[in-house]
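Enquirer: Here is a sequence together with a model predicted from it:
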Amino acid sequence: MTTTTILHRAALLILPLALSACQGTPTAPQQPWTADLGNGQYQNPILHADYSDPDAIRVGDTYYMTASSFSNTPGLPLLQSTDMVNWELVGHALPRLVPENVFATPQPGKGVWAPCLRFHDGQFWIFYPDPDFGIYVMTATSFDGPWTAPHLLAGGKGLIDPTPLWDDDGKAYLLHGWAKSRAGFNNVLTLRGMAPDGRSLLDTSGQVIIDGNKLPNYKTLEGPKFYKKDGYYYVFAPAGGVEEGWQSVFRSRSINGPYDDKIVMAQGKSGINGPHQGAWVTAADGSDWFFHFQDKRAYGRVVHLQPMRWKDGWPLIGEEVNASGVGQPFARHAKPLAAGPVREPPTGDEFSSAALGPQWQWSANGSPQWTSLAARPGQLRLQAQPGTNLREMASVLTQKLPAPAFTVDTRIALSATQEGDRAGLVLLGMKYAWLGLRRAGTGSQLVLGVCEGNENTCTEKDQLVVPVDGNAAYLRMTMADGVATFSYSVDNSKFVEAGQPFKASMGRWVGAQMGLFSAGGAQAHADVDYFRVSK
């Protein structure tokens, strides 16, 4: 690995980092994104974070949501709300990915694809696909768990986007799409008979009931959600691709079809591209709403909420365009329900609790030996793990980007005995960058590492920022318009930029992620004082 020395004005000045362990816990920083505007309105997205392929339901007066999680663990996030605008992250349904040995290392773009959340027969259900193994089912009597272990309902490659329907006559069905990368075809939706207990399918191949290849200009028809209303079977399904596509609805009097089709929402003149794939939810007051995502590249697939009404037996989502029956997304709208405190999923962590905040995920199946909150109370200890390329390490601790613009502050102390042991603050995608500490000789260096390449590989190069007198550093990452600027401080007051700004890149089907890592020999570790995210 080559090292390029970047000297600041104080290039020859040794960075005096005999820093105090902690300068006290500040008041909670202002959240970088809040959907609730406090005046009876909300702004989209309601979640400016990568909760991809959201599905949502209402049970009583409470709303529940889950989303794709790909190869991060724990997977299948569990979000809860009282008004559909303010959401809390209460946990995850899937502690570890299966098969466990496959996901012992990061598998970009694999793992948990678009799930379906339902409440039936007194329990919650999640149907989720793994495009390489099949469709799994999990259940729970309480939304926040525990959830049953994944049960493989339908094995096979390319089965994706499952959605069940329990019909009025007691029969059950499963509708799903196909991934061309695994099955060799896509753009069709297949109906299968299913045992009502969700433990098995009742046929060997099913029936294609909606074929996008027979519809003009349709491509990548996927992500179906199955509903029944007033004697009609409705399938909500997007097409056209995540960045340029639209939301369609199909309806039929017979579950087997034929199905009529209608585009019900498109970008129109709005600034919200590819508005599709989500969930129809009827509020407690009888009003209808639709959740969907928007692909924002490095920021991931963020979640929007649109009002929905019915016109001539078809849903109309968002703001109707020229009496066409086709809607376009609202950027702002009146809240569905006035009640409900302002809430956002957590971002920062002071590491003062007995467990990590629920926002944290590993890059693959994690291990309890990788962290400790007891070794140095009030701090997170990250045990170093072997590895050089951070994209290939399961032990990178990550969370979603929470807003278009935000700042992350942390303090990291490196305990290392081996040349090259390192720890730092990272922005991880197909490309990545990190700022942190590295053992060099008998001392430490502050280093900026950058890894640039493509979706399959990248080559990391590092830059010496400044030598360190001590073993700790205050680190900061400021992000705006998809560009991150890293900086460091001697006194946690005056920060000096490190290297050049870094343009964030998305991962494989996911947005970029921010987080922490410790890499090197078995005797090395990092102690992280806090991870603070502010506006």
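Expert: Looks like it arrived, so ask away.

Enquirer: So in terms of bridging, what pairs with residue 436?
Expert: Assessed by DSSP bridges, residue 436 has beta-bridge partners residue 424, residue 447.

Enquirer: Can you give me every residue that contacts it?
Expert: 412, 414, 422-426, 446-447, 449, 473, 475, 517 (C-beta atoms under 8 Å, 6 or more residues apart in numbering). (Each C-beta comes from the backbone N, C-alpha and C, glycine too.)

Enquirer: let's see it at 10 Å
Expert: Residue 436 makes contacts with 410, 412, 414, 422-426, 444-449, 462, 465, 473, 475, 486, 488, 516-519, 526, as judged by C-beta atoms under 10 Å, 6 or more residues apart in numbering.

Enquirer: ditto for residue 85
Expert: Residue 85 neighbours (C-beta under 10 Å, 6+ apart): 34-37, 41-44, 46-47, 63, 305, 333, 335-337, 340, 342-343.

Enquirer: if we go to 6 Å?
Expert: Shown in contact with residue 85 (C-beta atoms under 6 Å, 6 or more residues apart in numbering): 35, 36, 42, 46, 335.

Enquirer: The third one contacts residue 335, doesn't it?
Expert: Yes: at 5.2 Å, residue 42 counts as touching residue 335 under the criterion of C-beta atoms under 6 Å.

Enquirer: Run a quick neighbour tally on residue 145.
Expert: Neighbourhood size, residue 145 [other C-beta atoms under 10 Å]: 17.

Enquirer: Quickly note the distance from it to residue 296.
Expert: Taking C-beta to C-beta, to the nearest Å as the measure, residue 145 falls 30 Å from residue 296.

Enquirer: Please apply the same query to residue 459.
Expert: According to C-beta to C-beta, residue 459 stands 27 Å off from residue 296.

Enquirer: Between the two, which has more neighbouring residues?
Expert: When residue 459 and residue 296 are compared for neighbours, residue 296 comes out ahead with 21 against 11, by other C-beta under 10 Å.

Enquirer: Can you check the pLDDT for the closest residue to the more buried one other than its chain neighbours?
Expert: Computed as C-beta to C-beta, 6 or more residues apart in numbering, the closest residue to residue 296 that is not its neighbour in sequence is residue 302, at 5.6 Å. Note on residue 302: pLDDT of 98.

Enquirer: what comes into contact with whichever strand or helix holds residue 302?
Expert: Using DSSP states H and E, residue 302 falls within strand 301-311. Defining contact as C-beta under 6 Å, 6+ apart, one finds that strand 301-311 is touched by 44-48, 50-52, 54, 84, 288-296, 315-318, 325, 329.

Enquirer: ok so, going back, in terms of neighbours, single out the busier of residue 42 and residue 335.
Expert: Between residue 42 and residue 335, residue 42 has the larger neighbour count (other C-beta under 10 Å), namely 23 against 19.

Enquirer: Quickly list what the more buried one is bridged to.
Expert: For residue 42, the beta-bridge assignment (DSSP bridges) gives partners residue 36, residue 333.

Enquirer: and it, what is it in contact with?
Expert: By C-beta under 6 Å, 6+ apart, the contact set of residue 42 is 35, 36, 85, 335.

Enquirer: Sort out which one of those lies nearest residue 165 for me.
Expert: residue 85 (27.9 Å; C-beta to C-beta).

Enquirer: so the closest one sits in a helix?
Expert: No: using DSSP: H, G, I helix; E, B strand; the rest coil, the assignment for residue 85 is coil, not a helix.

Enquirer: what about it, distance to residue 314?
Expert: From residue 85 to residue 314 the distance is 26 Å (C-beta to C-beta).

Enquirer: How about residue 235?
Expert: 12 Å.

Enquirer: can I get the CA coordinates of stretch 352-371 in PDB?
Expert: Coordinates of each C-alpha in stretch 352-371 appear next as PDB, following Å, rounded to 0.1, in the frame of the first residue of the first chain:
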ATOM      1  CA  SER A 352     -23.900   4.600  28.000                       C
ATOM      2  CA  SER A 353     -26.500   1.900  27.800                       C
ATOM      3  CA  ALA A 354     -26.100  -1.900  28.200                       C
ATOM      4  CA  ALA A 355     -26.600  -2.400  24.500                       C
ATOM      5  CA  LEU A 356     -25.800  -0.700  21.200                       C
ATOM      6  CA  GLY A 357     -28.600   1.500  19.800                       C
ATOM      7  CA  PRO A 358     -30.900  -0.300  17.400                       C
ATOM      8  CA  GLN A 359     -29.600   1.800  14.500                       C
ATOM      9  CA  TRP A 360     -26.300  -0.200  14.300                       C
ATOM     10  CA  GLN A 361     -25.800  -3.000  11.900                       C
ATOM     11  CA  TRP A 362     -22.800  -5.200  10.900                       C
ATOM     12  CA  SER A 363     -21.800  -5.600   7.300                       C
ATOM     13  CA  ALA A 364     -22.600  -9.400   7.600                       C
ATOM     14  CA  ASN A 365     -23.400 -11.800  10.500                       C
ATOM     15  CA  GLY A 366     -21.800 -10.300  13.600                       C
ATOM     16  CA  SER A 367     -20.200 -11.700  16.700                       C
ATOM     17  CA  PRO A 368     -20.700 -10.600  20.300                       C
ATOM     18  CA  GLN A 369     -16.900 -10.800  20.800                       C
ATOM     19  CA  TRP A 370     -16.400  -7.900  18.500                       C
ATOM     20  CA  THR A 371     -17.800  -5.300  20.900                       C
END
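
Enquirer: in it, what counts as buried?
Expert: 356-366, 370-371 (16 or more other C-beta atoms under 10 Å).

Enquirer: can you check stretch 343-354 too?
Expert: For stretch 343-354, burial by neighbour count (16+ other C-beta under 10 Å) applies to 343, 344, 345, 346, 347, 348, 349, 350, 351.

Enquirer: okay, the contacts of residue 42 in a markdown table with pLDDT next?
Expert: Formatted as a markdown table, the contacts of residue 42 follow (pLDDT from 0 to 100):
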| residue | pLDDT |
| --- | --- |
| 35 | 97 |
| 36 | 96 |
| 85 | 97 |
| 335 | 96 |
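
Enquirer: and the two most separated of those?
Expert: Top of the distance list for the contacts of residue 42 (C-beta to C-beta): 35 and 335, 9.2 Å.

Enquirer: in this structure, which helix or strand is least confident?
Expert: Every helix and strand in the chain was compared by mean pLDDT, DSSP states H and E; the lowest is strand 3-5, with a mean of 38.

Enquirer: what about the closest residue to residue 454 other than its chain neighbours, how many neighbours?
Expert: Leaving aside its sequence neighbours, residue 454 sits nearest to residue 430 (C-beta to C-beta, 6+ apart; 6.5 Å). Counted with other C-beta under 10 Å, the neighbours of residue 430 add up to 22.

Enquirer: what does residue 213 give?
Expert: Neighbour count for residue 213, taken as other C-beta under 10 Å: 12.

Enquirer: again, but for residue 478
Expert: 18.

Enquirer: quick one: it and residue 425, what's the gap?
Expert: Distance, residue 478 to residue 425, using C-beta to C-beta: 12 Å.
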